[in-house]
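# heads up, no residue letters with this:
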């Protein structure tokens, strides 16, 4: 039986580069260098057929530990709640007011980037903030 060593998370979206760059800011990810023979991603994109231009974008964890994120353009908009979402682990090991303060600080950092705060889940000890990215995909600050 084989063991999977790597995986990527794929987002369906309307504007792949815009959403990818948002997630770079959220996670500290980077845009990899353009393919060989191209000085920039814009140069690469312009080399593609018009219908394929802007159809995908990707970013990765500069440490190589986290999964690659891939963003692909789809014609339909988001209609319902995600069945899978990312949990951004900013409060690991913290509890109570200290955890809540850490989550709130990260929420405050992400809102100017275009994130939307949806709901605080807090029971006095454990907490989580449900948010949406710039295209309405849910994620949690955990």
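It's in. Values in this document were obtained by computation on a predicted structure and should not be read as measured data.

# touching, residue 45 and residue 57? I think so.
No - using C-beta atoms under 8 Å, residue 45 is not in contact with residue 57, being 9.1 Å away. All C-beta spots, glycine's among them, are computed from the backbone N, C-alpha and C.

# quick one, which of these two is more surrounded?
Taking neighbours as other C-beta atoms under 10 Å, residue 45 and residue 57 compare with residue 57 leading, 23 against 17.

# okay, the more buried one and residue 118: tell me how far apart.
25 Å (C-beta to C-beta, to the nearest Å).

# now do the strands in this structure.
Here the chain has its strands, by DSSP state E, at 8-13, 56-59, 68-73, 86-88, 116-122, 127-132, 138-141.

# out of those, nearest to residue 94?
In terms of C-beta to C-beta, the element of those nearest to residue 94 is strand 127-132, at 9.0 Å.

# what lines up beside that closest one in the sheet?
Strands that pair with strand 127-132, judged by DSSP bridges, come out as strand 116-122 (antiparallel), strand 138-141 (antiparallel).
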